[in-house]
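K.L.:
the amino acid sequence is not available; the structure is as follows:
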C-alpha cells in the first residue's frame, strides 16, 4: 500500500486486492496442471485487468487506462520445479537487502535467508538464495538480476509496484543472486 490513506475504505480495498491476487495465483496453479501456457495467459490477462481497474493498483490513476504489460514469449523450458535446500548457517540475524523506491536506491528491508535452489539455465546450474520477507505481511522472496535488467527488463522478471509508482519500495537482489546470463522470461520494459 502506498501509505496515502489508512481509511477503512482504503484498507478494505487493500484486503480485496490481496484476496484477488491470492485467488489469481491459485487459479494459475490449478490451470498449470493441465496447460502451463493457458495458466500464464490467464495470470497475465487478469493481473493486467486488476492493474487497470482496481483502486489499490500500483499504477498511478492517470496512467491506468493506458497500462499495457509487455512480456517475453512463454518458454516451457523456463518453467522449473526445484528443491529448496535449507540454509545451514542457521543465521539468527536478518539480512538487509537494499531497496529501490521508484527506480532510485533507498534504505533496506529485512529478510531471512531460508535456503538455496539450484536452477538449470542456459549457462549451467545457477545457485540462488531464497529469502523470507519480513515486510508486506511476510512471504518467500526470490529476487535475481540477469543481463536483461536495465535494457529489456526492469530489475526483476516481473514489474513490481516500484517500477510503476515511486510511492512503493522494492527490495533488490543481493549480489549472490546476480546472474551473468540473460533470462528471457517474465515482463519486459520494451
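P.N.:
Nice, thanks for sending it over. This is a predicted model, so every value here is computed, not measured.
K.L.:
residue boundaries of the strands in the protein?
P.N.:
70-71, 85-86, 95-101, 104-121, 124-133, 139-141, 169-171, 187-188 (DSSP state E).
K.L.:
residue 112: neighbour count?
P.N.:
17 (other CB atoms under 10 Å). Quick note: C-beta positions are derived from backbone N, CA and C, even for glycine.
K.L.:
again with residue 145
P.N.:
When counting by other CB under 10 Å, one arrives at 20 neighbours for residue 145.
K.L.:
now do the contacts for it.
P.N.:
If you count contacts by CB atoms under 8 Å, 6 or more residues apart in numbering, residue 145 has them with 155, 172-173, 177-179.
K.L.:
could you redo the last one with a cut-off of 7 Å?
P.N.:
By CB atoms under 7 Å, 6 or more residues apart in numbering, the contact list for residue 145 reads 155, 173, 177-179.
K.L.:
which helix in the chain has the most residues?
P.N.:
helix 8-32 (DSSP state H).
K.L.:
quick revisit: pLDDT check: weakest of the contacts of residue 145?
P.N.:
Lowest pLDDT among the contacts of residue 145: residue 155, with 79.
K.L.:
quick check: closest non-adjacent residue to that one.
P.N.:
residue 149 (5.2 Å; CB to CB, 6 or more residues apart in numbering).
K.L.:
show the pLDDT at that neighbour.
P.N.:
So residue 149 comes in at 90 (pLDDT).
K.L.:
swap in residue 28?
P.N.:
You'll see residue 28 listed with a pLDDT of 97.
K.L.:
does it touch residue 37 like I think?
P.N.:
No. Residue 28 lies out of contact with residue 37 (CB atoms under 7 Å); the separation is 11.4 Å.
K.L.:
ok, back up a step: so how far is the longest helix of the chain from its chain's centroid?
P.N.:
15 Å (CA atoms, centre = their mean, to the nearest Å).
K.L.:
so which bits of that helix are buried?
P.N.:
For helix 8-32, the neighbour count (16 or more other CB atoms under 10 Å) marks 10, 13-14, 17, 20, 24, 28, 31-32 as buried.
K.L.:
same question, stretch 149-168
P.N.:
Residues 149, 152-157, 159-164, 168 are the ones in stretch 149-168 that count as buried (16+ other CB under 10 Å).
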